[in-house]
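Engineer: Predicted model and sequence follow; I will ask about them next.
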Amino acid sequence: MPFDRMKSSGRRGWLAAGVGIPALLVTALLTGLALTPEKEPVANNAAPVITATPSEVDQSPEESVLPAAPAPPGLPVVTYDPAPAGFPADPAAMDTTALTEGLHPTRKIPAYDAPGGKPIAFLAPTISEVELIMPIADRRSGWTAVLLPSANRKLAWLPPGGHTTVTLRDQIVVERRVHRLTWYRAGKAVRTWEVSLGQRGQETPLGRTFVLGRTPPPEDVYGGVDIYALGSIPDDLDAVPAGLRGAHIGVHTWYNDDELGENTTNGCIRLTRSGQRELLAEVRPGSSVVVVEELPTPPPTA
């Protein structure tokens, strides 16, 4: 059943999905998913932590393309609700290497569990009428693997055709142990902020995900700044309050900064209003996000 709204419930900060809830603020979402302004941040000479970009590795011309099995028309479509089971685990879920290319479906395309494997679901050009751009994680046998939306640490394999690619220049890395969010551009740390993260039992999920879209703040407690919805969802769907079932992890601000550096949210990533505004202005949907316990070396902006 299609989902059409992201809402807030309670004081902990989630982006929740619900069937039968009033319509989504579609206009605001579509506006938020426009490409970010083409302005560059203040120059930064920090050394990059990113040394390779596997998504840019091309297929060998000699490598044969595995055929795709026909997809039954009755397969589910991936929506804002949790994605169907059966997709493979992301083998590099904790890799902090930036993913520099995104994939946008231009029509409804089947997603498989492996190159030449079993079709599991369809991916559409939009989710809740918002353009879908997924980071490319791997290429093999003529197929492309993307980070799956509405799921944690899962990949979807796509056969050739039915999509376009875009360049992704930004990455967000979140460190749970030290409550730190760092924004990278082209492999260089640009800014770092202290953040609040998920409380015990509702920890912010580890692993790679991406910026799915953006929505206006539904309540005053969000500080009047738009919210980023990520592709990730709670690790334990039953641990969150009932009013937040069907939720996605969000990156957002709060009406005050008293709890920065603490584990007080229902899984979301909460930072300052000035920091959120900067991310909203610079980081486009589709950009990769990775949550780790702690980087081996603190970013130079820390």
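Structural biologist: Here it is on my side, so go on. Residues are numbered from 1 along each chain as shown.
Engineer: Which neighbours in the sheet does the longest strand along the chain have, and how are they oriented?
Structural biologist: In the chain, assigned by DSSP state E, the strand with the most residues is strand 207-215. Its sheet considered, strand 207-215 pairs with strand 227-230 (antiparallel), strand 288-292 (antiparallel) by DSSP bridges.
Engineer: In CSV: the ones you listed, plus mean neighbour count, distance to Asp258 and mean pLDDT.
Structural biologist: Heads up, the C-betas are built off the backbone N, CA and C, glycines and all. Shown next, in CSV, are the strands paired with strand 207-215 (neighbours: other Cβ atoms under 10 Å; distance: least, Cβ to Cβ, whole Å; pLDDT from 0 to 100):
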stretch, mean neighbour count, distance to Asp258, mean pLDDT
strand 227-230, 26, 19, 97
strand 288-292, 24, 23, 98
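Engineer: Please state the offset of the longest strand of the chain from the chain centre?
Structural biologist: 2 Å (Cα atoms, centre = their mean, to the nearest Å).
Engineer: Can you say which of the strands paired with strand 207-215 is nearest to Tyr80?
Structural biologist: strand 227-230 (8.3 Å; Cβ to Cβ).
Engineer: Flag the shaky bits of the stretch 51-200 of the chain, pLDDT-wise.
Structural biologist: Along the stretch 51-200 of the chain, the model assigns pLDDT under 70 to residues 51-63.
Engineer: show me where it has strands.
Structural biologist: With DSSP state E, counting those that start in this stretch as the criterion, the stretch 51-200 of the chain has strands at 101-105, 109-112, 119-123, 126-127, 130-131, 134-140, 143-147, 155-158, 163-167, 170-175, 180-185, 188-194, 197-198.
Engineer: would you list those in CSV and tack on mean neighbour count and distance to Asp220?
Structural biologist: What follows is the strands of the stretch 51-200 of the chain, written out as CSV (neighbours: other Cβ atoms under 10 Å; distance: least, Cβ to Cβ, whole Å):
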stretch, mean neighbour count, distance to Asp220
strand 101-105, 21, 33
strand 109-112, 24, 39
strand 119-123, 21, 36
strand 126-127, 19, 27
strand 130-131, 19, 24
strand 134-140, 22, 33
strand 143-147, 25, 33
strand 155-158, 26, 38
strand 163-167, 14, 35
strand 170-175, 23, 25
strand 180-185, 22, 23
strand 188-194, 20, 22
strand 197-198, 26, 22
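Engineer: Quick one: closest of those to Arg273.
Structural biologist: Nearest of those (Cβ to Cβ): strand 188-194, 10.7 Å.
Engineer: Report all helices and strands that that closest one contacts.
Structural biologist: The contact analysis (3 or more Cβ pairs under 8 Å, 6 or more residues apart in numbering; DSSP states H and E) places strand 188-194 against strand 180-185, helix 273-282.
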